[in-house]
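Participant: I would like to see how this sequence folds:
(2 chains)
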Amino acid sequence: MSTDTATKKRDEFDVEILDTVGQPLLKDQAEVKMAARGCDVFYADHQAIFGVDLDIGKNEIIAMIGPSGCGKSTFLRALNRMNDTIDICKVTGDLTLDGQDIYAKDQDPVLLRARVGMVFQKPNPFPKSIYDNVAYGARLHGLVTNKSELDDLVEASLTKAGLFKEVKDSLLKPGTGLSGGQQQRLCIARTIAVDPEVILMDEPTSALDPIATAIIEELMDELRHNYTIAIVTHSMQQAARISQRTAYFHLGKLVEVNATNTVFTNPEHKLTENYITGRFG
Amino acid sequence: MEDGEHILQSYDQELEEIRSKALEMGGLVEKQVSNALIAVLERDTELGEHVAASDDEINELEVAIDEECASIIARRQPAAGDLRLLLSIIKITTDLERIGDEAEKIGLYASQLGTHASNQGMSAQLQHLGTLAHSLLKLALDAFARMDDEQAMEVARKSRDIGKEFDDLSRVLITHMMDDTRNIKNALRVIWCARAFERIGNHSTNICEFVIYRVKGKDIRHTSLKKIRKKLYPDMAKDSDKKT
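Facilitator: Here you go, the predicted structure:
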């Protein structure tokens, strides 16, 4: 974290954010899937993320929480270069996947997004059939050679997303005809179909009812065994329920990262405590 | 960690209400112990009977506090300091209720001890122990009211004396009983009182452990004082090293 930004005291808050407290970096670096070092993100002249150092471990669910505008979604989107689509957005610092720089000149962002998939807040199935939604990425990346392989992939992906039983007789019906929760699972199936290593989720259940939410959360817990998951959520209870580690962002800075249990029973930083207990920060 | 206000003011009010109920319960329990001690030391049979019969209000408060804690947990999903406050209150009120029970027992024995001349000697031995237990309780309640973890540590340290006092008293009473078997009946009552005071001391220490849990976020039960100091109060550990 660069000293000038890190030590800059913000007048409106009485707590100074000097450095991330807790354990943003993993002790065993062999367990690291993605890593950020000194990551800054700018929207034109406005700096949205200040010097974030963070490891995301293999097969863990890391939850990113914080008030609106704290930069958690911006950071998440930096992890698969979704910010590239915004002209004025600039990302600096090191971001790596398995030790490789994801912002390297020779890194194709489309291929990166196949390895680091994303699920969005609003279910956004393509206006195509359920089958074609799931098959889309595999066709694009040429992952299968014939129809029967593709059939298998679609079935396997829908099964992993916990949706196959519900849609197996209506694979050719439009994906947009499903319920909200089913649509979100369809989007997860679509993400899984290209065999990613990391799944980024930006508020994946905020548009869903508690039952659909519980189904997605159960699904995430199963997916964790094969994938690394980073989730941004406004629901602190959701972060508490599903994640192994929790990262708290505040005004573009990563304030605290700790085991989820620690964050919700005995957070180290005053700002984390204020946020999760619903106090004025 | 100093607490600011919740965005939801009603949440603050509910927590404050529970906290003041727990303090009220503490006050009642302390009064019971204080009366039990007077009854036993001054041979006040009437006061002893009164103590033995005045446990209801304490029990009712315990139930009410538990109910309110359950309601807050269900409706507000408290986290961090709020969660620790509620958990410590639930635990502390259990200890308070048991202290109330011990005081009730002491009141009962006090009413049975009567004013026998031979009891005078025995009950003098009880004075040390009873006064120590009572003062530990007062300090523990004070630490809870102010969430003063350092004072809580002080109580934990002092509580070690209570076992020693109990052992001393047991020895004296055994001699007393061997001197004259007619003393046995009352000596047993005295030792039961002593046992109750010892338990009050232990429950007071438990209260302090939960004060430390609330403030520091660390569960220090079943941990030696030395380890607690080393882990949570390194400055205190240095000071006590200097003293020894």
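Participant: skipping adjacent residues, who's closest to residue 40 in space?
Facilitator: Just so you know, I chose chain A. What sits nearest to A:Asp40 in space, not counting adjacent residues and going by CB to CB, 6 or more residues apart in numbering or on different chains, is A:Thr92, at 4.7 Å. Heads up, the C-betas are built off the backbone N, CA and C, glycines and all.
Participant: please go with chain B instead
Facilitator: B:Ala110 (4.2 Å).
Participant: follow-up on the earlier one: what about the residue nearest to A:Asp40, which SS state?
Facilitator: Classification of A:Thr92 using DSSP: H, G, I helix; E, B strand; the rest coil returns strand.
Participant: that one is in contact with A:Arg37, isn't it?
Facilitator: No. In this structure, A:Thr92 is not within contact of A:Arg37 by CB atoms under 8 Å, at 10.7 Å.
Participant: how about the helices in the chain?
Facilitator: Since you didn't name a chain, this refers to chain A. A:3-6, A:72-78, A:109-115, A:130-140, A:147-160, A:164-167, A:180-193, A:210-223, A:236-242, A:260-265, A:270-276 (DSSP state H).
Participant: ah, I was thinking of chain B
Facilitator: Counting by DSSP H, chain B has helices at residues B:9-41, B:45-52, B:56-76, B:80-113, B:119-146, B:149-158, B:160-179, B:184-216, B:225-232, B:234-243.
Participant: pipe the ones you listed into JSON lines and attach distance to A:Val263 and mean pLDDT per row.
Facilitator: Output for the helices of chain B, formatted as JSON lines (distance: least, CB to CB, whole Å; pLDDT from 0 to 100):
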{"stretch": "helix B:9-41", "distance to A:Val263": "20", "mean pLDDT": "93"}
{"stretch": "helix B:45-52", "distance to A:Val263": "46", "mean pLDDT": "89"}
{"stretch": "helix B:56-76", "distance to A:Val263": "18", "mean pLDDT": "94"}
{"stretch": "helix B:80-113", "distance to A:Val263": "8", "mean pLDDT": "93"}
{"stretch": "helix B:119-146", "distance to A:Val263": "26", "mean pLDDT": "87"}
{"stretch": "helix B:149-158", "distance to A:Val263": "21", "mean pLDDT": "91"}
{"stretch": "helix B:160-179", "distance to A:Val263": "36", "mean pLDDT": "88"}
{"stretch": "helix B:184-216", "distance to A:Val263": "16", "mean pLDDT": "92"}
{"stretch": "helix B:225-232", "distance to A:Val263": "20", "mean pLDDT": "86"}
{"stretch": "helix B:234-243", "distance to A:Val263": "24", "mean pLDDT": "64"}
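Participant: will you turn those helices into JSON lines that also has mean neighbour count?
Facilitator: Rendered in JSON lines, the data for those read as follows (neighbours: other CB atoms under 10 Å in any protein chain shown):
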{"stretch": "helix B:9-41", "mean neighbour count": "19"}
{"stretch": "helix B:45-52", "mean neighbour count": "19"}
{"stretch": "helix B:56-76", "mean neighbour count": "15"}
{"stretch": "helix B:80-113", "mean neighbour count": "23"}
{"stretch": "helix B:119-146", "mean neighbour count": "20"}
{"stretch": "helix B:149-158", "mean neighbour count": "20"}
{"stretch": "helix B:160-179", "mean neighbour count": "15"}
{"stretch": "helix B:184-216", "mean neighbour count": "23"}
{"stretch": "helix B:225-232", "mean neighbour count": "15"}
{"stretch": "helix B:234-243", "mean neighbour count": "11"}
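Participant: tell me which of the ones you listed sits nearest to A:Lys122.
Facilitator: Among the helices of chain B, helix B:56-76 comes nearest to A:Lys122, with 28.7 Å by CB to CB.
Participant: which helices and strands does the closest one pack with?
Facilitator: helix B:9-41, helix B:80-113 (3 or more CB pairs under 8 Å, 6 or more residues apart in numbering or on different chains; DSSP states H and E).
Participant: mind putting these in a markdown table, distance to A:Phe42 included?
Facilitator: Shown next, in a markdown table, are the helices and strands packed on helix B:56-76 (distance: least, CB to CB, whole Å):
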| stretch | distance to A:Phe42 |
| --- | --- |
| helix B:9-41 | 38 |
| helix B:80-113 | 33 |
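Participant: and the helices of chain A as a markdown table, adding mean neighbour count, mean pLDDT and distance to chain B?
Facilitator: Output for these, formatted as a markdown table (neighbours: other CB atoms under 10 Å in any protein chain shown; pLDDT from 0 to 100; distance: least, CB to the nearest CB, whole Å):
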| stretch | mean neighbour count | mean pLDDT | distance to chain B |
| --- | --- | --- | --- |
| helix A:3-6 | 11 | 40 | 22 |
| helix A:72-78 | 23 | 95 | 18 |
| helix A:109-115 | 16 | 93 | 34 |
| helix A:130-140 | 21 | 93 | 36 |
| helix A:147-160 | 17 | 93 | 31 |
| helix A:164-167 | 16 | 93 | 31 |
| helix A:180-193 | 25 | 92 | 22 |
| helix A:210-223 | 16 | 90 | 14 |
| helix A:236-242 | 20 | 94 | 6 |
| helix A:260-265 | 20 | 95 | 5 |
| helix A:270-276 | 25 | 93 | 5 |
